[in-house]
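*Asks:* Sequence below, structure please.
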Amino acid sequence: MRRRHYLLATTSFLGFAGCSSISSNPTETAAKTETENTDEKTARNAENMTESQLSGHVRPTGGPWEPVKGFSCEKSNFTRHPPRYDDISWGDTENISLRINDTAFEYGDTAQITLTNTSNRTISLGLKYMYQIELLTEDGWQDVRGKTGDDDFEYIEMSTENPPGKVFEWSLRLTEEGVVPDEKDFIVCPELVSGRYRFVYPALEQVAVAFDLQK
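*Replies:* Purely as a prediction, here's the structure:
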């Protein structure tokens, strides 16, 4: 049985609603409170940030590669990394955006991927290494990584508080070693092949970008 261990840091957000009254004098206007001015400034900054920083791509515009057939690992006692998400949004959710610098790479190239908090408030997300690299196969999207042995896939899932703006940046060299995070004892099996891949960030908000790899 696979087990997950959760250690979640929670933060309570309190909203304050101000009281207002309508004056009988039509020339009299209510002054904005300091909180209202701060909120509006934060919203404008988030909008400007979104326009200036959201460069990149979500997925190829053309049709997908033919799904890879016969995708299996011949190593004994190998277990493929299971999906850690329920449903995936391409590129954007209500609060975050994921972008990749290109949609077509050669084996050994480096993919630059950026996760941005596009909301105007602080949001909770998971840790940077909690991503998945999947290949489109005849059996659907499958993670190219896994592990040997009897140990379960265990994560200590800690949430991080992230203000508006850029959250994470990944520079992934598209090789068997390059797509494995340093924090995890994973292996890629079988070796990477030509096909359509996707990078999934499934921690708390589930979002993905896709690209084609030629080997």
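
*Asks:* For the protein, which segments are assigned as helices?
*Replies:* Listed in chain order, the helices of the chain (DSSP state H) span residues 34-53.

*Asks:* which stretches of it have low pLDDT?
*Replies:* Low-confidence segments of the chain (pLDDT under 70): 1-53, 152, 154-157.

*Asks:* if you set the cut-off to 80 instead, what comes out?
*Replies:* When residues are selected by pLDDT under 80, those of the chain lie in 1-53, 63-65, 149-158, 183, 203-204.

*Asks:* Just give me the residue closest to the centre of it.
*Replies:* Centroid-nearest residue in the chain, with C-alpha atoms, centre = their mean: residue 201, separated by 3.0 Å.

*Asks:* dump the residue contacts of that residue.
*Replies:* By C-beta atoms under 8 Å, 6 or more residues apart in numbering, the residues touching residue 201 are 98, 115, 126, 130-131, 168, 207-208. Placement of C-beta: from N, CA and C, glycine included.

*Asks:* doesn't residue 98 make contact with residue 57?
*Replies:* No. If you go by C-beta atoms under 8 Å, residue 57 and residue 98 don't touch, sitting 10.2 Å apart.

*Asks:* Just want to know which of these two has more residues nearby.
*Replies:* Remark: of residue 57 and residue 98, residue 98 carries more neighbours, 27 against 16, as counted by other C-beta atoms under 10 Å.

*Asks:* And that one, how far from residue 206?
*Replies:* Counting by C-beta to C-beta, to the nearest Å, the gap from residue 98 to residue 206 is 10 Å.

*Asks:* And residue 213, by the same measure?
*Replies:* Remark: distance between residue 213 and residue 206 (C-beta to C-beta) = 22 Å.

*Asks:* more crowded one of these two?
*Replies:* residue 213 (20 against 17).

*Asks:* so what's the more buried one bridging to?
*Replies:* residue 105, residue 195 (DSSP bridges).
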